[in-house]
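A.B. asks: would you be able to build a 3D model of this:
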Amino acid sequence: MASLISAIQSYLPQHEGILPIWLVFVAVTAMGNTIQAYSTLSFTSRVYGGPTSFPTVPRPTPTTPPSLNRSVTPLSSRTFGTWSLIQAFVRLYAAYNIDNPAFYQLAYLTYVVAFAHFMSEWWWFGTCRWGKPLAGPVVVSTGTLVWMWVVWGSYVN
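C.D. replies: So this is what the prediction gives:
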């Protein structure tokens, strides 16, 4: 068991503090989110289930016209998955190069974009409503933004 833990630790960022490990965790979670966004609409539909959304219907066949009233479509879900994957890569690079100002700033900006996206979908566009599905991304983006701002000088000189 100790050798397994040691093997796992050897792949984690070797910098001080918890932030680099957190960035890896969030990046791996985003990769999982990418897989689900490409394979099903159900999870993405939970986040973007605002008042104008309708229940997810099966993927249209060539004989069935697609619904024009759904907020989450197969294309929007895959686009969200691609966006999540790009953010995951940036955050992974930052986790392993956290003392590099450019990587740190890029990772920070991914959280700014995520925060702005989710808040605008909730407050401006109305495609999200507050609840457990939206709380996760908002808490992670807000909390990480504050955390990275506070510890900036600890990692970047």
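
A.B. asks: going by C-alpha atoms from here, please, whenever you check contacts or count neighbours.
C.D. replies: Will do.

A.B. asks: once you drop chain neighbours, what's closest to residue 46?
C.D. replies: residue 133 (5.9 Å; CA to CA, 6 or more residues apart in numbering).

A.B. asks: now do the SS call for that neighbour.
C.D. replies: Three-state call for residue 133 (DSSP: H, G, I helix; E, B strand; the rest coil): helix.

A.B. asks: ok, residue 126 next?
C.D. replies: Quick answer, by three-state DSSP: residue 126 is coil.

A.B. asks: before we move on, what about residue 129?
C.D. replies: coil.

A.B. asks: quick one on the thing from earlier: mind checking how far the residue nearest to residue 46 is from residue 4?
C.D. replies: From residue 133 across to residue 4, the span is 34 Å (CA to CA, to the nearest Å).

A.B. asks: which of the two has more neighbours?
C.D. replies: The neighbour count for residue 133 versus residue 4, taken as other CA atoms under 10 Å, is higher for residue 133 (17 against 9).

A.B. asks: so that one is in contact with residue 47, correct?
C.D. replies: Yes: with contact defined as CA atoms under 8 Å, residue 133 counts as touching residue 47 (4.9 Å).

A.B. asks: after the worst-scoring helix or strand of the chain on mean pLDDT, next one along is what?
C.D. replies: Within the chain, no helix or strand scores below helix 2-11, which has a mean of 78 by mean pLDDT, DSSP states H and E. Once the chain leaves helix 2-11, the next helix or strand it forms, by DSSP states H and E, is helix 19-39.

A.B. asks: what is that next one packed up against?
C.D. replies: helix 42-47, helix 74-96 (3 or more CA pairs under 8 Å, 6 or more residues apart in numbering; DSSP states H and E).

A.B. asks: tell me the average confidence for it?
C.D. replies: The average pLDDT within helix 19-39 is 96.

A.B. asks: for stretch 147-157, same thing?
C.D. replies: 94.

A.B. asks: buried residues in that stretch?
C.D. replies: Across stretch 147-157, burial judged by 16 or more other CA atoms under 10 Å covers 148, 152, 155.
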